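In: need a structure here:
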Amino acid sequence: MEFLKVHIPTEKQFYSLYSEGCYTSKKSDDNETILTYCQNEVLFLYYTYPSHRRAYIVRFDSDNKNGIMLPSLDQPVKIISRCHASKVDKLKKTAGFLKEYCPNAFAFSDSFYVRIHFIIQQKGKINYEAIRVLLEELGYK
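Out: Predicted structure coming up:
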């Protein structure tokens, strides 16, 4: 089984990275923190650059030959969703909401996260009711 390693720099770099998901191991040293993820895991990646912010929902699958290489990842990943600017904050809040209400928030199908993407893209505040309805369809109350 192959693993995805996310190298999060601890020193000041051109960008900073925050990774959210169910990692299997975490190793830290003076230069970086390495998070290891198994196959088929979903990750939320938040990149902050000097002039903009960008977030991705990605899935790691070692069989995916058409994957995209992102900074600080050692394997290509499938991008399920991407957003920038204020939508990054909405994605962080949505990820927190998902983690609070369902223990396996990072184990849903790609179509679930695509639907989350469209909820986040709506203007205004996060539509938590739409997210609740989506979770109820999956059997969460």
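
In: low-scoring stretches of the chain, by residue?
Out: Per-residue confidence for the chain (pLDDT under 70) gives these ranges: 141.

In: let's see it at 50
Out: Along the chain, no part satisfies pLDDT under 50.

In: which residues does the residue of the chain most remote from its centre contact?
Out: Note on the chain: the largest separation between a C-alpha and the mean C-alpha position, by CA atoms, centre = their mean, falls on Asp30 (24.7 Å). In this structure, Asp30 makes contact with Thr10, judged by CB atoms under 8 Å, 6 or more residues apart in numbering. Where you see a C-beta, it was placed from the backbone N, CA and C, and this is true even at glycine.

In: relative to Thr10, how far out is it?
Out: Plainly put, Asp30 is 7 Å away from Thr10 if you go by CB to CB, to the nearest Å.

In: run a quick neighbour tally on the nearest residue to Tyr37 once chain neighbours are set aside.
Out: With CB to CB, 6 or more residues apart in numbering as the criterion, Tyr37 has its nearest non-adjacent residue at 4.5 Å, and that residue is Leu4. Burial of Leu4, expressed as a neighbour count using other CB atoms under 10 Å, amounts to 24.
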